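K.L.:
sequence and predicted structure are below.
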Amino acid sequence: MKALTESMPKPLLTVLGNNLIEHKLGILPREISEVIIVTGYLGEKIREHFGSEFKGKKIRFVEQKELLGTMFALKEAEPLLSGRFMVMMGDDIYSKADVTECLKHSWAVLVKKMTEKGRGAKVIVNDKKHITDIIEGAELDVGSLNNAGLYVLHTDIFKYPLVQIPSGEFGLPQTLVKLAKDFEVSVVLSKGWFQITNPEDLGRIENVMGNKSEL
């Protein structure tokens, strides 16, 4: 994100007047009354911005002292979690419809069906639409399923060893694949996932979202 994140953590970048975290908090249903934010780079700015509450939802923070991957970040939040919970990536934008649909399942992963070739995290499913594998850094053909990084999980995931990937980090998708041998993890096709990887994405997404009546 170049100069945009020299003094600002990426999740506080704004799209249509709200930062990326506010977009996520704004689409959560009433049944989610508490939010845990795992912070890293410039995390104090996120704490200062949100404090302990946002529109009636309690906010708690966990600091990820070592940047060792998505599963390691989730593990840091384990003491504050109980039962079923939802995980979102801090620098993506999701839709209210996708959140609602994912919450219909005990275990779920949001995916985007590719409309053109690209690279991403390829989600493999069986004939019952339950995941069997997630391959990161894969070449994706048209029709392939790309992991959108929104999950409905349960604290049972912490019973499984963290899976280390070649970079040395511990991956949430890879750990979830291990769990999927024992639990049925459903895929939900996204209707409104916006991935932000460069400054140009911010303007492009504003144009798309500005033409939609509701996310």
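P.N.:
Cool, the structure landed. Residues are numbered from 1 along each chain as shown.

K.L.:
between the two ends of stretch 180-187, how far is it?
P.N.:
12 Å (CA to CA, to the nearest Å).

K.L.:
what's next to that stretch, contact-wise?
P.N.:
With contact meaning CB atoms under 8 Å, 6 or more residues apart in numbering, stretch 180-187 is reached by 105-111, 123, 125, 128-132, 145, 156, 176, 179. Just so you know, the C-beta spots here come from the backbone N, C-alpha and C atoms, and that holds for glycine as well.

K.L.:
just the buried ones out of those, please.
P.N.:
Using 16 or more other CB atoms under 10 Å as the burial test, the contacts of stretch 180-187 include W107, A108, V109, L110, V111, V123, V125, H130, I131, L145, L176, L179 as buried.

K.L.:
from what I can see the fourth one touches D98, true?
P.N.:
Pointing back at L110 there. Yes: under the criterion of CB atoms under 8 Å, L110 makes contact with D98 at 5.6 Å.

K.L.:
quick one: contacts for the closest residue to S167 other than its chain neighbours?
P.N.:
Distances taken as CB to CB, 6 or more residues apart in numbering place G69 nearest to S167, at 7.7 Å, with adjacent residues excluded. Shown in contact with G69 (CB under 8 Å, 6+ apart): I165, S167, E169, F170, G171, L172.

K.L.:
so where is this structure shaky, pLDDT-wise?
P.N.:
Along the chain, segments meeting pLDDT under 70 span 211-215.

K.L.:
so where do the helices sit in it?
P.N.:
20-25, 43-50, 70-76, 96-102, 172-179, 199-210 (DSSP state H).

K.L.:
helices or strands up against the longest one?
P.N.:
Counting by 3 or more CB pairs under 8 Å, 6 or more residues apart in numbering; DSSP states H and E, the packing neighbours recorded for helix 199-210 are strand 14-15, strand 194-195.

K.L.:
check the offset of the first one from the chain's centre.
P.N.:
Just to be clear, that refers to strand 14-15. 17 Å (CA atoms, centre = their mean, to the nearest Å).

K.L.:
mind listing the strands it pairs with, and their directions?
P.N.:
strand 18-19 (antiparallel) (DSSP bridges).

K.L.:
returning to what we had before: among the helices of the chain, which is nearest L189?
P.N.:
The closest of the helices of the chain to L189 is helix 96-102. By CB to CB, the value is 8.4 Å.

K.L.:
any buried residues in that closest one, and which?
P.N.:
Result for helix 96-102 [16+ other CB under 10 Å]: buried residues D98, V99, E101, C102.

K.L.:
let me have the residues you listed in JSON lines, adding distance to K45 as columns.
P.N.:
Converted to JSON lines, these look like this (distance: CB to CB, whole Å):
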{"residue": "D98", "distance to K45": "27"}
{"residue": "V99", "distance to K45": "25"}
{"residue": "E101", "distance to K45": "32"}
{"residue": "C102", "distance to K45": "29"}
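
K.L.:
quick one: contacts for K122?
P.N.:
Residues in contact with K122 (CB under 8 Å, 6+ apart) are I134, I135, E136, A138, L140, S144, L145, N146, N147.
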